Structures are given as C-alpha cells and as structure tokens.
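**Student:** please work out how this folds:
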Amino acid sequence: MNILAPRGSAKSTIGTLAYPLREALHGKEPYIWIISDTRSQAYTHLDNIKNELTENGKIRETYPEAFGKGPVWRSGGIMLRNGTVIEAYGTGQRLRGRRHREHRPSLIICDDLQNDGHIISATVREHSGSWFHGSVMKAGNNKTNVLNLATALHREAIGFELTERPGWISRTFRAIEHWPDNMPLWEEWESLYSQTSDHNAAQKAARFYNEHQTELHAGAVLLWPELEDLLTLMKMRAESGRTAFEREKQNSPVNPEHCEWPETYFDGPIWYEKLPDNIVVKTMTLDPSKGTDASRGDYSAYIMLALDSDGIYYADADLARRPIAEIVEAGVGLYRRFQPDVFGVEVNQFQHLMCDDFERAFRENGLPHVVPYPMENRLNKILRIRRLGPVLAGRRIRFKSHSPMTKLLIEQLKTFPAAGHDDGPDALEMAVRLIEMLLNK
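**Tutor:** Predicted coordinates for the structure are as follows:
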C-alpha cells in the first residue's frame, strides 16, 4: 500500500507507530522493518515503539506476554518477549540477504524515504528509486507486506511513481480536499495579508476575514480541520508560496514533463557571492505584473543582471507582491545600490504610466539623469521566456547565493511554464534581451 499524505497529518503516528506496534503485539508479523530517509530517523521511530512497550499501562494490561524489554533491545533493533523482531534502517543501507532465523521481513514500512534534496537533484532521485525497487522490494518474499508513507515532493518521487505501478493500492490525501467556492475572495484576503511593508497588514486581513468568514468558508472540505483550519492553511499558502504548498500539503508537485527545462540545468555551481571584477555591462528590469490580464497574486519582479567578459551572466532578484507606489520606491532603492547601465520597464497596457512615476521618483531622490527604458513585449510571453534556453543549457548564468528571492526565481524557472507564476523568468528574459541590445548597438 502506498499512502501520500500532507506533512503534519499523523501518517507516521498511524503507519509507523500504531500499525507495526499492533502487528508486533499480536504476533501477526514476525519480522518487521522500519526504513526512513536516514538511519537516525528510523531509530527514532523504533524508539517510539520501545517507549510504548515499556511505559504504556494499557499495553501492559492487555499484552502482558509482550510488554517490557525483550531479550534484544538495541538502538537499531529489538526482539519483543513474544519473539517478534523489529529493525530500523536508513535509505541506501545494504539490505540483501538479511533474515531473522527462517524469516525474511514479513512487513516493511517505508516512512518518507526521500527528503527535500530529492526535489532539486534528478541524480539523487534516480539513485533512491533504484535502491527502493532493487534492494527493498527484493528483500522479502511473495507474502511480505510493504507500506510506503510519503509526501509527494516531486512528480518523479517514489510515492508518486507508485501511484501508477501495478500491484500497489495507492491513496492520496490533501490538506484541502475541496477548495472554497469563492477563491477570488481569498485572493483579496491574501493581497491584504501579503503586504509586508504595511505594519497593519495582519490586522487588515483579519478584519476582512471576520467580515466575510461565511463566504470564505463556503464549499471548503478539509482533511483535518481540528488540527489545521482553513485560515491556518491559507496563511501557510500565502507565506510558503503556492508551489511549496501544493507540494507539501496537497501532494501536487509540478510534473517535470510539463516543464520547459530539465532540472539538471540548475544543478552544480550556479551560485555566486559577489560580482567579479571583469563585468562588462549591467541591466535592471521590471515586470510590474499589474496589467489587466494579471492575477491578483502575481509578483512585481525586479532582475539585476550583469555580464562579464567571459560571457557569464550574474542574476539577482527581488520578487514581491506590492502596490504601484511600493514598486516605484523599491525600484529607486535597487537602482541606487546596483547602478545599472540601463533600467528597463515593461510598458504593456497602462504600465507605461509607471515610467512617469519612476522619473518623478528619481528626480526626488537626486537622480534626475535616470530615465527608464520602456520595453513593450509584443511576442507571446512563453515564446519570449523560451529564449533563455540557450543561456541555461550552456550553464552561462549564476544566481546570487543566500537570497530567498533568487531561489524563488529558480523555482519559477524550474517549473516554467507549468507553475502558477512566471514573473521572475519574464523579467530575466527582458534583462538578457536588454544586455544583447546594448552590446549590439
């Protein structure tokens, strides 16, 4: 059986504590394995079982023949007084040929075999998948029961793959089983809640929620409302970002087959600490994402891009949800710090008015010589962003390290065009194009 459930939904308590404990006490499974991402995590799961066997009064009363320390009581394995053996292992350990007397493992429980590192590395995912199908699934016999518990970190993760494998019973649970009927109203709440520059943002969002609570909750069905109510989940969605929320709480990661570029483009040495000395040109661009076709949750995306004499790009990003006045204020500050050769602003639809706002703000801040370069994007956005392909494929771009905004930019690049937001890649394409224009002219 394969269970996909959100983080914090008690899948380990049910599947890795209560279930094997019951099977061990009843003597139904003579040889049990618990496998987790690391050996220490697996040992912790086993420690939880040991605590119940030595401290739970109801177990002492009901199963006196199995209660208490058994003849074997180690950190990595125990034998109960009724003869049941439970052992703990970490992902990647050698498992072939392990037996307890005449028994091969009769129950194998896999609890979160993969970690966050598997999200970003195809090589790590491939290695753990091969180990699971080769070592774990070949360790028992035709009577061995296997339970896999996971959160779907990636469409190529083991748990997601098993949903399409014959012979497996799979169930997927989501924190929000059915979304509220009035999601546009939640978008209004999120726009208030996400105004980080407004010290009263939380209070304004709370007032809005209280005024519209009935409408906001209509139609919503939750997995565990007593633990995580709808407001808690929607705050989590706003704070962590929708891609992370879909992955961690909804078991719905973006399918890599729907993405433009392989994740290998973002492996290896892609980070930089500070700009090198041989910079040739610098540009700064803005995708305001405030046009009439933009959704309420879009980001205003600034990209600061430099090119060195070796043809390597260096990108820094500032992505946030903010009103026009804050977009302009942030742009002046970023320009002053980065000192680009040209500052390009997307002017599709009414956004050309922002150029006037910027010129006024630059004058007021002692930068009267700065005139934003208007960039009207007539080509389809997806086709434009695809122009970044050769730069990414050639590993010719570095991203500012220790910056959550550049990590968000990379996440949007990885999941393009399947993700909910592409503001960062859009601004990055504009910055690359502006550099090419400067070099050509």
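
**Student:** could you pull out the helices for the stretch 251-400 of the chain?
**Tutor:** With DSSP state H, counting those that start in this stretch, the ranges of helices along the stretch 251-400 of the chain come out as 324-338, 353-364, 381-385, 389-393.

**Student:** quick one, which of those helices gets closest to Thr62.
**Tutor:** Set against Thr62 and scored by C-beta to C-beta, these come closest in helix 389-393, at 60.7 Å. The way it works is simple: take the backbone N, C-alpha and C, and place the C-beta from them, glycine included.

**Student:** neighbouring contacts of that closest one?
**Tutor:** With contact meaning C-beta atoms under 8 Å, 6 or more residues apart in numbering, helix 389-393 is reached by 260-261, 265-266, 313, 397, 413, 432.

**Student:** now, which of these sits nearest Val371?
**Tutor:** Val432 (21.2 Å).

**Student:** need the contact list for the closest one.
**Tutor:** Contacts of Val432 by C-beta under 8 Å, 6+ apart are 305, 313, 387-388, 391.

**Student:** just the buried ones from those?
**Tutor:** 305, 313, 388, 391 (16 or more other C-beta atoms under 10 Å).

**Student:** ok, these vs Asn380, which is closest?
**Tutor:** Of all the buried ones among the contacts of Val432, Asn380 sits closest to Leu388, with 14.4 Å by C-beta to C-beta.

**Student:** dump the contacts of Val432 to a markdown table, plus distance to Leu46.
**Tutor:** Converted to a markdown table, those look like this (distance: C-beta to C-beta, whole Å):
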| residue | distance to Leu46 |
| --- | --- |
| Leu305 | 51 |
| Tyr313 | 49 |
| Arg387 | 53 |
| Leu388 | 48 |
| Val391 | 49 |
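
**Student:** now those residues as CSV including distance to Ala66 and pLDDT?
**Tutor:** Formatted as CSV, these follow (distance: C-beta to C-beta, whole Å; pLDDT from 0 to 100):
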residue, distance to Ala66, pLDDT
Leu305, 65, 98
Tyr313, 64, 98
Arg387, 66, 95
Leu388, 61, 96
Val391, 63, 95
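
**Student:** out of those residues, which sit inside strands?
**Tutor:** Those of the contacts of Val432 mapping onto strands are 305, 313, per DSSP state E.

**Student:** between the contacts of Val432, which is nearest Thr214?
**Tutor:** Nearest to Thr214 out of these is Leu388 (C-beta to C-beta; 45.2 Å).

**Student:** the closest one contacts Ala427, correct?
**Tutor:** No. With contacts counted by C-beta atoms under 8 Å, Leu388 stays clear of Ala427, the gap being 11.1 Å.

**Student:** and the contacts of the helix or strand hosting Leu185?
**Tutor:** Following DSSP states H and E, one finds Leu185 within helix 183-193. Helix 183-193 has contacts (C-beta under 8 Å, 6+ apart) with 180, 201-202, 204-205, 208-209, 212, 215-216, 234-235, 237-238, 295-297, 321.

**Student:** taking the residues you listed, please make a PyMOL selection of just the buried ones.
**Tutor:** Of the contacts of helix 183-193, the buried ones go into a single PyMOL selection, burial set by 16+ other C-beta under 10 Å:
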select buried, resi 180+205+208+209+216+234+235+237+238+297+321
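
**Student:** got the domain ranges for the chain?
**Tutor:** As given by automatic domain parsing, the domain ranges for the chain are 2-173, 177-253, 263-440.

**Student:** closest to Val124 out of the helices of the stretch 251-400 of the chain?
**Tutor:** That would be helix 389-393 among these, by C-beta to C-beta, at 20.3 Å.

**Student:** picking that back up, including distance to Val124, could the helices of the stretch 251-400 of the chain go into JSON lines?
**Tutor:** Compiled in JSON lines, the helices of the stretch 251-400 of the chain are given as follows (distance: least, C-beta to C-beta, whole Å):
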{"stretch": "helix 324-338", "distance to Val124": "35"}
{"stretch": "helix 353-364", "distance to Val124": "43"}
{"stretch": "helix 381-385", "distance to Val124": "27"}
{"stretch": "helix 389-393", "distance to Val124": "20"}
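
**Student:** next SSE downstream of the lowest-mean-pLDDT helix or strand in the chain?
**Tutor:** One helix or strand of the chain scores below all others by mean pLDDT, DSSP states H and E: helix 117-120, with a mean of 64. Scanning forward in sequence from helix 117-120 by DSSP H and E, the next helix or strand is helix 122-131.

**Student:** show me what that next one packs onto, helices and strands only.
**Tutor:** helix 117-120, helix 158-162 (3 or more C-beta pairs under 8 Å, 6 or more residues apart in numbering; DSSP states H and E).

**Student:** Gly140: what secondary structure?
**Tutor:** Three-state call for Gly140 (DSSP: H, G, I helix; E, B strand; the rest coil): coil.

**Student:** local confidence estimate at it?
**Tutor:** pLDDT recorded at Gly140 is 90.

**Student:** same check on the one 10 residues further on?
**Tutor:** In the predicted model, Ala150 carries a pLDDT score of 94.

**Student:** may I ask which helix or strand encompasses the nearest residue to Leu305 once chain neighbours are set aside?
**Tutor:** Leaving aside its sequence neighbours, Leu305 sits nearest to Ala431 (C-beta to C-beta, 6 or more residues apart in numbering; 3.8 Å). Assigned by DSSP H and E, Ala431 belongs to helix 423-440.

**Student:** and that helix, which residues are buried?
**Tutor:** Within helix 423-440, the residues that count as buried by 16+ other C-beta under 10 Å are 423-435, 438.
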